[in-house]
Structures are given as C-alpha cells and as structure tokens.
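Trainee: here is a sequence with its predicted model. Questions after.
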Amino acid sequence: MISDISAIAAGVTIGALQVQSLLDPLDNRVLLCHALGLSRVSLITRSERELDAGQAARFAALVQRRLAGEPVAYIVGQREFFGLPFEVNGAVLIPRPDTELLVELALDRLPPQGRLLDMGTGSGAIAVALAHTRRDAAITALDVSPEALAVAGRNAAANGARVDFLHSDWYAALQGRPPFDIIVSNPPYIAGGDRHLAEGDLRYEPPGALTDHADGLSALRIIVAGAGSHLKPQGWLLMEHGYDQSLQVRELLTAAGYVEVRSWCDLAGIERVSGARLPARPPA
Ligand code: GLN
C-alpha cells in the first residue's frame, strides 16, 4: 500500500486503522518519524515521499501499540527533557516537563564548582540536564535500580555530561563522601492504591519509581531525615512531590530543623517542589 507521508502525518486511514480519529496528532507524527527513521523537520520537508509497504506496516504496528495504551516515549525509546534527548525504557520513569522546575531551582542555587546529589535518578534526566548546563559542577546521582543506572549512564554519555553514578539504596552507599551544596530528588511519591497508578502511561512505568506502596510520603521522609548528614551548612534540599503534598513536605522540613522552607509551583500552577536550607550551624 502506498500512502503520502504528509497525509499520514495529518491522519488518514491505513489499511483498517482510522489513524486520525484514534491518535493524538502529535503522537501520530512522532510515531511516523520513528517508523521512517526521519526527524520532525525532514517529515515536513520530504513530505512528498511515499511510504512503501514495509514502512506502512512498521508505522501501523507502532500505532497498534499506542492504541493498546503503551506510552509513546517507550515505543520510540526516547523523550526530550530540558532540551536534551533522553533514552527511556520500562526501567525508568518518563521525564515530565514539570520536573524542569526542579532543575531550574537547583541551577539558581548551585555555587561555582558546586557539589550536587540527585537521589533516585532514574533515566538521569535531572542529573544529566544539570551536568550538561553546568560543566563546572560535580554531580553525583544514585539509584537503587541497576537497570535504571544503565539507562542513566547511557544518557550522560550521549549528552556529553559528566555524572558520577552510584548504586545505592537512598543514602546507604554515600558514607564517607564529602557533603553537597544541594540535594535534589524526584522520588516515588504516589500513595499505594492511588487510582492514577492504574491509568494512562503510569500503568507502564516502573512502580518503584512512582509509588512507595504506602502513604506516598515515605521516600520523602527518608530523604529529609538523612539529608542533614550529607549537606554542607546552608545547603539546599529540593524535592518534587505530589499535587497535594506540599504542606506535609514543608512540615517535615520544618520539624527537621531546616530554614527558608518554601514551595514552588509547576507549569499548571500546582505546588510541585518544596525545599529548604540547612541552618548555618546544625540545630542543637
Ligand atoms: N509526576 C508523576 C506523576 O504523577 C509521578 C512521579 C513520581 O512519583 N516521582 O505522574
């Protein structure tokens, strides 16, 4: 079957598939680029080319996977974050645009030659974006999942970013390392049993990156409790959290003796990141 690429990019019938009525137009274009091995630009500039039967079959197979619910990022194996391409697979969370807020807050606070730790790095999106932007910084990133660390390592290499990766269950493998200026984390914060875990892309993402299988706050509690031993005086702790957790996270920080406790809003205007500083001298 021969079809015009520009017509398919806009959405047409391929065989029995009503592509336009079923797929989001952006998903449709991304899958078409992937099936044809074309960039978004060449999809437009070479739109007069026709699909051969093999290409049409490849595209149709990708569309079928999307229709079955698989996230586009996993189908094409990539997602952009902070303007950089990141490899993703089922071992890592798909980077969200909202998490760029955490990167920006860390960049605003990172001193020259600063030391930063990313806890639960997953695809490495946060650490690699930071290391790519700030070549002078010493970035350490840890994860408990060896599969995630393999993905993160490839993302650092592919983006020319220098990151020191560490296999660690939260702070366990950090003993004896010098303290950091900033600790950042986008930990699993969805409560076990939250209905969102059974919906959309989340069904395909690693549960260990999404939920603590408890009240949603247990990873955040561990991070807050341990950060004091790994931050320099006046160092910053910045954490992404759920849409309804900002008050509780601020309370955790205040109770642990942090100062300048506050939250910041994501692109949707929801308090999505909370953070604070260690006092100049540890509380007595
Ligand atoms: N932001 C993700 C979501 O709600 C969850 C990520 C996380 O648990 N760290 O879809």
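Mentor: Done, it's in.
Trainee: the nearest residue to Ala129 once chain neighbours are set aside: how many residues sit nearby?
Mentor: Distances taken as Cβ to Cβ, 6 or more residues apart in numbering place Phe82 nearest to Ala129, at 3.7 Å, with adjacent residues excluded. C-beta coordinates here come from the backbone N, C-alpha and C atoms, glycine included. Using other Cβ atoms under 10 Å, Phe82 is surrounded by 20 other residues.
Trainee: so what's Phe82 up against?
Mentor: Taking Cβ atoms under 8 Å, 6 or more residues apart in numbering, we find Phe82 in contact with Glu100, Val103, Ala125, Ala129, His132, Thr133.
Trainee: what pLDDT does it get?
Mentor: With respect to pLDDT, Phe82 scores 98.
Trainee: ok so Asn155 is a helix residue?
Mentor: Yes. Judged by DSSP: H, G, I helix; E, B strand; the rest coil, Asn155 forms part of a helix.
Trainee: what's the closest of the contacts of Phe82 to the ligand?
Mentor: Nearest to the ligand, judged by Cβ to the nearest ligand atom, of the contacts of Phe82 is Ala125 at 11.4 Å.
Trainee: what's the spacing between that closest one and Pro97?
Mentor: 11 Å (Cβ to Cβ, to the nearest Å).
Trainee: ok, these two, which is more surrounded?
Mentor: Ala125 (30 against 13).
Trainee: is that one in contact with Gly83, as I believe?
Mentor: No. Using Cβ atoms under 8 Å, Ala125 makes no contact with Gly83, being 11.4 Å away.
Trainee: ranges for the helices of the stretch 151-284 of the chain?
Mentor: Remark: helices assigned in the stretch 151-284 of the chain by DSSP state H, counting those that start in this stretch are 207-210, 218-227, 246-255.
Trainee: and these, which is most packed in?
Mentor: helix 218-227 (a mean of 20; mean count of other Cβ atoms under 10 Å).
Trainee: packing partners for it?
Mentor: Packed against helix 218-227, as judged by 3 or more Cβ pairs under 8 Å, 6 or more residues apart in numbering; DSSP states H and E, are the following elements: strand 180-185, strand 231-240, helix 246-255.
Trainee: now the last one: average pLDDT?
Mentor: When pLDDT is averaged along helix 246-255, the result is 98.
Trainee: contacts for that helix, please.
Mentor: Contacts of helix 246-255 (Cβ under 8 Å, 6+ apart): 217, 220-221, 224, 237, 239, 241, 261-263, 271-272, 274-276.
Trainee: switch to 6 Å and redo it
Mentor: Leu220, Val224, His241, Val261, Ser263, Glu271, Ser274, Ala276 (Cβ atoms under 6 Å, 6 or more residues apart in numbering).
Trainee: and these, which two are furthest apart?
Mentor: Spatial extent of the contacts of helix 246-255 (Cβ to Cβ) is set by the pair Val224 and Glu271 at 16.4 Å.
Trainee: quick one: average confidence on the longest helix anywhere in the chain?
Mentor: Looking across the chain with DSSP state H, the single longest helix is helix 53-67. Across helix 53-67, the average pLDDT comes to 90.
Trainee: do stretch 89-106 as well
Mentor: 98.
Trainee: that stretch: end-to-end distance?
Mentor: 26 Å (Cα to Cα, to the nearest Å).
Trainee: can you redo the contacts of Phe82 as CSV with distance to Gly200 and secondary structure?
Mentor: CSV is the format used below for the contacts of Phe82 (distance: Cβ to Cβ, whole Å; DSSP: H, G, I helix; E, B strand; the rest coil):
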residue, distance to Gly200, secondary structure
Glu100, 20, helix
Val103, 24, helix
Ala125, 19, helix
Ala129, 24, helix
His132, 29, helix
Thr133, 30, helix
